[in-house]
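K.L.:
Return atomic coordinates for the entry below.
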Amino acid sequence: MAVERITRITATSPKSFEHALDEGLKRANKTLRGLTRIDILSHAVRLEQGKIKEYEVTLDITFVLE
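P.N.:
Down below sits the predicted model:
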């Protein structure tokens, strides 16, 4: 029986939502082991002078506790 934990992170990218998701996953893989799932909780964009400056995703990342 496995016990899992969920941590919430927010990742950003100037390129796209997909790139922000990739950046969040890349960062999570640096410090967490046994990743099993990502739930995308929200998408948002940051604006600067009425134009998109940055894409943002908020993620719940599930991993197995050792």
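K.L.:
Number of residues surrounding the residue lying closest to Glu23 once chain neighbours are set aside?
P.N.:
Take Glu23 and drop its neighbours on the chain: the residue closest to it by Cβ to Cβ, 6 or more residues apart in numbering is Ala11, 4.8 Å away. C-betas here are computed from N, CA, C, even on glycine. Neighbour count of Ala11, defined by other Cβ atoms under 10 Å: 20.
K.L.:
show me the residues around Ala11 that make contact.
P.N.:
Ala20, Leu21, Glu23, Gly24, Arg27, Glu56, Val57, Leu59 (Cβ atoms under 8 Å, 6 or more residues apart in numbering).
K.L.:
how about the strands in the chain?
P.N.:
4-13, 35-48, 51-64 (DSSP state E).
K.L.:
centre of the chain versus the shortest one, how much separation?
P.N.:
Average the C-alpha atoms of strand 4-13, do the same for its chain, and the two points are 5 Å apart (Cα atoms, centre = their mean, to the nearest Å).
K.L.:
can you state the direction angle for that strand and strand 35-48?
P.N.:
Interaxial angle, strand 4-13 versus strand 35-48 (axes from the mean of the first three to the mean of the last three Cα atoms, to 10 degrees): 30 degrees.
K.L.:
List the buried residues in strand 4-13.
P.N.:
Buried residues in strand 4-13, defined by neighbour count with 16 or more other Cβ atoms under 10 Å: Ile9, Ala11, Thr12, Ser13.
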